[in-house]
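A.B. asks: When you get a sec, could you give me coordinates for this:
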Amino acid sequence: MNIYVLMKKTFDTEEKIAVNNGKIEDDGAEFIINPYDEYAMEEAIKQREEHGGEVTVVTVGNEDSEKQLRTALAMGADKAVLINIEEDVEETDQFTTVKILEAFFDDKDVDLILAGNVAIDQASGQVGPRLAERLNIPYVTTITDLQIKGETVEIERDVEGDIEKVETTLPLLVTCQQGLNEPRYPSLPGIMKAKKKPLEELELDDLDLEEEDVEPKTKTIDVFLPPEKEAGRVLEGELDDQVKELVSLLNKESKVI
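C.D. replies: Predicted coordinates:
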């Protein structure tokens, strides 16, 4: 089985993020594998262990993305591919990423593509479904269970607190949600083996793409941090007085009623 995982390098949102002139400052920022992509990575390894085949992790980024790819290899992926666009593309959006991935998969024999449900930096959730549309294969989003039985695939997906059961066929693209599995940590032997596993680097020329082919269709106007939360207030006095004061605050200050 030919299994591919779409991986994105994202900011570690548990670390301090600085924004200057509408852009996130890269210097000093910590980068990690997008957490939802870790669910995809774990599921790919589990499906390979059950059905055989090979797991290839793919990312569109720059040379700094090699660190996250090596982590994916240490987790258990067989191969990694870095599509390095640093010298060719200044601005990107979901269209750009999908256009590049479509070209990459053009000559690939694909059984299963797994991606994270969303990326924690932009959270658009568009890349997986849009890529499936371009490749003309079925896709199912926010999955929490995946059972492959021959060419038939039985899936459970999260639908706002409930579960929807879907039956489809391979080839298939799925996006992975929390609850699907528990991603493994890279082991020391895995880290050592990762150094010898193949990591291929491609550029736009290798995919027969020009810079104008991948120009973004959207533009980011501004990036800013959310306002700091104001300190809470404790209402005192008799219960009736507290209720009246709360209603007044919600009406005049918060303007929610």
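
A.B. asks: Just the strands from the stretch 51-200 of the chain, written as ranges.
C.D. replies: Here the stretch 51-200 of the chain has its strands, by DSSP state E, counting those that start in this stretch, at 54-61, 79-84, 112-116, 139-149, 152-159, 162-169, 172-176, 199-202.

A.B. asks: Centre of the chain to the first one, how far?
C.D. replies: In terms of Cα atoms, centre = their mean, to the nearest Å, the centre of strand 54-61 is found 12 Å from the chain centre.

A.B. asks: again with the longest one
C.D. replies: On the basis of Cα atoms, centre = their mean, the separation between the geometric centre of strand 139-149 and that of its chain is 16 Å.

A.B. asks: Same question for the fifth one.
C.D. replies: For strand 152-159, the gap between its own C-alpha mean and the chain's C-alpha mean amounts to 19 Å (Cα atoms, centre = their mean).

A.B. asks: now the angle between strand 162-169 and it, please.
C.D. replies: Relative orientation of strand 152-159 and strand 162-169, computed by axes from the mean of the first three to the mean of the last three Cα atoms, to 10 degrees: 150 degrees.

A.B. asks: For strand 152-159, which helices and strands make contact with it?
C.D. replies: The criterion is 3 or more Cβ pairs under 8 Å, 6 or more residues apart in numbering; DSSP states H and E, and the helices and strands that strand 152-159 contacts are strand 139-149, strand 162-169. No exception for glycine: its C-beta is placed from N, CA and C like everyone else's.

A.B. asks: need the helix or strand of the protein with the lowest average pLDDT.
C.D. replies: strand 23-24 (a mean of 70; mean pLDDT, DSSP states H and E).

A.B. asks: Give me the neighbour count for P129.
C.D. replies: The number of residues packed near P129 is 17, by other Cβ atoms under 10 Å.

A.B. asks: pLDDT weak spots in the protein?
C.D. replies: Per-residue confidence of the chain (counting by pLDDT under 70) places the weak regions at 22, 24-26, 28.

A.B. asks: can you list contacts of the top helix by length along it?
C.D. replies: Counting by DSSP state H, the longest helix found in the chain is helix 35-51. Under the criterion Cβ atoms under 8 Å, 6 or more residues apart in numbering, residues 1, 3-8, 10, 33, 53-55, 57, 72, 75-78, 112, 114-120, 146, 148, 175-178, 180-184 lie in contact with helix 35-51.

A.B. asks: Of these, just the buried ones, ChimeraX syntax please.
C.D. replies: Paste this into ChimeraX to select the buried members of the contacts of helix 35-51, with burial taken from 16 or more other Cβ atoms under 10 Å:
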select :1,3,4,5,6,7,8,10,33,53,55,57,72,75,76,77,78,112,114,115,116,117,118,119,120,146,148,175,176,177,180,181,183
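
A.B. asks: Just the contacts of helix 35-51: which are in helices?
C.D. replies: The subset of the contacts of helix 35-51 located in helices under the criterion DSSP H comprises 72, 75.

A.B. asks: Quick check: the gap between V89 and L209.
C.D. replies: To L209, V89 is 10 Å away according to Cβ to Cβ, to the nearest Å.

A.B. asks: so what's in contact with the two at the same time?
C.D. replies: With contacts defined as Cβ under 8 Å, 6+ apart, no residue is adjacent to both V89 and L209.

A.B. asks: give me the number of residues near K197?
C.D. replies: Taking other Cβ under 10 Å as the neighbour definition, K197 ends up with a count of 17.

A.B. asks: which residues does it contact?
C.D. replies: With Cβ under 8 Å, 6+ apart, K197 has these contacts: 73, 77-80.

A.B. asks: redo that, cut-off 7 Å
C.D. replies: 73, 78-79 (Cβ atoms under 7 Å, 6 or more residues apart in numbering).

A.B. asks: Repeat that for N84.
C.D. replies: When the contact criterion is Cβ under 7 Å, 6+ apart, the partners of N84 are 62-63, 201-203.
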